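Peer 1: How does the following fold in three dimensions:
(2 chains)
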Amino acid sequence: MRHFEFYSPKTIAEALRFLSERGDRTKIVAGGTDLIPRLREEISGPGFVLNILEIEELNGVKEPGPVLRIGSTTTHTQLMESDLLQRTCPSLAQAAASIGGPLVRNRGTIGGNLANASPAADLACALLALDAEAVLRSEKRIRVVPLGDFFIGPGQTMINPDELLTEVSIRPPRGKCVFRKLGRRQAMSLSIVNAAVCLEMEGKICRKSRIALGSVAPTPIRCPEAERMLANKEIGPELISKCAKEAMSASKPIDDQRAKGWYRIEAGTVLLRRALTVAAGLNA
Amino acid sequence: MKKRGIGVGSMFYGLGYGFSRQDISSATIEICEDGSVIIRSGEVDFGQGSDTILCQITSEELGIRYDTIQMLTADTLTTPNAGPTSASRVTYVTGMAMLKAARAMKRTLQSVAERILGHTDLLFGDEKVYSLSHPEKVISFKALAKAAHLRGAPMVETAWHDITTQDVNPETAQGDAYSAYAYATQIAEVEVDTETGQVEVLRIVTATDAGKAINPLNVEGQIEGGVSMGVGYALSEEIIQEGGYLKTPSLGDYMVPTSLDMPPIETHILEVPVPTGPYGAKGVGEPASIPTAPAILNAISAALNLRVTQIPATPENLLRLIREKEREEKPPPG
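Peer 2: Alright, predicted model coming up:
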């Protein structure tokens, strides 16, 4: 591990001041579940590491109005145990509960899960299907970025060096939202493929659908064509199967040590079909 | 669709090295003037519990509490050579060396006690030595140790145990391969998701011949640990290389089963003693993990009516086999 200077501000203002001056040489750390292993592996490290865990206002799930605000250092454990999320966005609580094991969930944060921009990030997939927005702050301005625009590629987001991801905002969906994941074991496993859906149903008719997939493309993706297939239609097993196949056709999975691309497509189609079936209130 | 199947795996396993390869072990016991007992052996307790077993053997022979015994192990400066800790041989071979050393020490203590108590029908138990016919004739183990030291009796004993076999005839493969064999059978019940290839192991039932379970809880622990290795071997553990680079260099990539991947395990310990082991005991370390993967693969075969010939049976490998079978059974029209 290389040497770096470590800063631990207590307020957002201090953190933003630091980033405005040294952001291009700084890595931001919260739980450290991704950064610390990477620092061990990489030959050249960052000049500065900015710890944001001491900034109290960045932590917690809040409901000040119709929009939920989740601070960027909120841990996976906090998300999965939040009564508010279990009630309003169960898919997010499910995704948080599926990550790693208790040790990782106690350390890892929602901000880190998004900012690392892993194509397999479980929260990213669930949040995409919730139309969540990322709030990015710098000394100069505040930007609110829809999550669909947030990811650029593996490990790449549109966060500028002088910006801090301070919170994630969600309008709780009216319909039912479901997250499903397929890993290589029951815990401590990155997703081979993951899927999140939100369906607003009126009886058997789907009024609105949101479908997201992870680990099948360079970034977590939404599937607009597949979503349109369900709009204002009566939902049944056949339509769900077609929709899942369509959604998968938007993917570009790679072969890696976790799984081959063909398997991601086949298993992902099944996973999505099952998630849609549950969300539509049909028997899985 | 989810399909269930049950499979059986059985094994026998030669304990120790066999085939005329050197298989020796040794252990030392020392009794101090204050009655404390120190045992030494080159074996390594890496979690399997062999230190406990050696203490239990010493305790059984000398009639003292096993948690009072001090141990020195796996130190080349101070411990005698026990050979490698492998081949399910520590209880079987080192345990026997320990038993011999403890019995030699007991003989010395017995002769001192006979002179003090005036009786020869002596029992060692409850930290005391006493006459069976005259229980009032008794001396504490501590006092006996002190008396033995004062009389200049030898208070260090080392025993050597050799189970090296003769070997087999290379033409016929008949002869003296191993000095004893272990036997175990396991039954696995699995549920396979035929659309994703995922396997859930629902239950494992094991029957293991331990010869004599010196510590039954320890044997159960060995079997449960062995089964978890077998589950990983069957379903998920895989070293992947690409262009000379290891793609699975950490336990984040190399998939050892987690506690959530483990099924309930039922253990049945059978005891068919062998004359060559301490109190008839055999090794159970490797026998615990050997039948697991065959049992799981047989259970998958029973569920899917297809034969898995490669491990690990990952969801991807299994789904490929399921698809191949579907194609064979339903050839494309035309």
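Peer 1: Name the residues that touch stretch A:38-55?
Peer 2: Contacts to stretch A:38-55, defined as C-beta atoms under 8 Å, 6 or more residues apart in numbering or on different chains, come from residues A:1-12, A:15, A:18-19, A:22, A:25-31, A:35, A:58, A:72-73, A:111, A:164. (C-beta placed from N, C-alpha, C; glycine too.)
Peer 1: Mark which of the residues you listed are buried, thanks.
Peer 2: A:7, A:9, A:12, A:15, A:18-19, A:22, A:26, A:28-31, A:35, A:58, A:72-73, A:111, A:164 (16 or more other C-beta atoms under 10 Å in any protein chain shown).
Peer 1: Could you list which of the residues you listed belong to helices?
Peer 2: Residues of the buried ones among the contacts of stretch A:38-55 located in helices (DSSP state H): A:12, A:15, A:18-19, A:22, A:35, A:111.
Peer 1: List the beta-bridge partners for A:A195.
Peer 2: Under DSSP bridges, the beta-bridge partners of A:A195 are A:R180, A:L213.
Peer 1: Please verify my assumption that it contacts A:R210.
Peer 2: No. With contact defined as C-beta atoms under 8 Å, A:A195 and A:R210 do not form a contacting pair (11.4 Å).
Peer 1: ok, the two, which is more surrounded?
Peer 2: A:A195 (33 against 22; other C-beta atoms under 10 Å in any protein chain shown).
Peer 1: what sits against the more buried one?
Peer 2: A:A195 touches A:125, A:179-181, A:211-214, A:268, A:271-272, A:275, counting by C-beta under 8 Å, 6+ apart.
Peer 1: Residues in a beta bridge with A:F151, which ones?
Peer 2: A:T157.
Peer 1: Number of residues surrounding it?
Peer 2: Burial of A:F151 is recorded as 24 neighbouring residues (other C-beta under 10 Å).
Peer 1: swap in B:L117?
Peer 2: 19.
Peer 1: Get me the contact residues on the stretch 101-250 of chain A for chain B.
Peer 2: A:101, A:182, A:184-190, A:192 (C-beta under 8 Å from any C-beta of the partner chain).
Peer 1: mind redoing it with 7 Å?
Peer 2: A:101, A:182, A:184-188 (C-beta under 7 Å from any C-beta of the partner chain).
Peer 1: What about those residues, which are in strands?
Peer 2: A:L182 (DSSP state E).
Peer 1: of the residues of the stretch 101-250 of chain A next to chain B, closest to chain B?
Peer 2: Lowest distance from chain B to these (C-beta to the nearest C-beta) belongs to A:Q186, with 3.6 Å.
Peer 1: my read: the closest one touches B:P263, true?
Peer 2: No. Using C-beta atoms under 7 Å, A:Q186 is not in contact with B:P263, being 11.1 Å away.
Peer 1: quick one, which of those two is more surrounded?
Peer 2: The neighbour comparison of A:Q186 against B:P263 (other C-beta under 10 Å) goes to B:P263, with 19 against 16.
Peer 1: contacting residues around the more buried one?
Peer 2: B:201-204 (C-beta atoms under 7 Å, 6 or more residues apart in numbering or on different chains).
Peer 1: got a pLDDT number for A:A284?
Peer 2: A:A284 carries a pLDDT value of 55.
Peer 1: Could you report the distance from the residue nearest the centre of chain A to A:A134?
Peer 2: Centroid-nearest residue in chain A: A:A124, 1.3 Å away (criterion: C-alpha atoms, centre = their mean). From A:A124 across to A:A134, the span is 10 Å (C-beta to C-beta, to the nearest Å).
Peer 1: hey, what's in contact with both of those two?
Peer 2: Residues touching both A:A124 and A:A134 comprise A:L114, with contact defined as C-beta under 7 Å, 6+ apart.
Peer 1: The chain - how does it break down into domains?
Peer 2: Went with chain A since none was named. Chain A breaks down into these domains under automatic domain parsing: A:1-51, A:176-279.
Peer 1: let's do chain B instead
Peer 2: B:2-15+B:179-329, B:24-160.
Peer 1: Now tabulate those domains in CSV and tack on distance to A:K252.
Peer 2: Converted to CSV, the domains of chain B look like this (distance: least, C-beta to C-beta, whole Å):
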stretch, distance to A:K252
domain B:2-15+B:179-329, 18
domain B:24-160, 45
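Peer 1: For B:Q166, which of those domains is the nearest?
Peer 2: Proximity to B:Q166 (C-beta to C-beta) singles out domain B:2-15+B:179-329 among the domains of chain B, at 9.9 Å.
Peer 1: separation between the residue of the stretch 201-334 of chain B at minimum distance from chain A and A:G101?
Peer 2: Relative to chain A, the nearest point of the stretch 201-334 of chain B is B:L260 (3.6 Å; C-beta to the nearest C-beta). Per C-beta to C-beta, B:L260 is found 9 Å from A:G101.
Peer 1: likewise A:G148?
Peer 2: 30 Å.
Peer 1: closest to A:M229 out of the domains of chain B?
Peer 2: Per C-beta to C-beta, nearest to A:M229 of those: domain B:2-15+B:179-329, 20.8 Å.
Peer 1: So for B:D167, which of the domains of chain B sits nearest?
Peer 2: domain B:2-15+B:179-329 (12.0 Å).
Peer 1: Stretch B:311-320 spans what distance, first to last residue?
Peer 2: 13 Å (C-alpha to C-alpha, to the nearest Å).
Peer 1: Can you tell me the SS state at A:A96?
Peer 2: Following DSSP: H, G, I helix; E, B strand; the rest coil, the label given to A:A96 is helix.
Peer 1: Let me know whether it touches A:M80 as I believe.
Peer 2: Yes. Using C-beta under 7 Å, A:A96 makes contact with A:M80 at a distance of 4.2 Å.
Peer 1: and for the two, which residues touch both?
Peer 2: Joint contacts of A:A96 and A:M80 (C-beta under 7 Å, 6+ apart) are A:R105.
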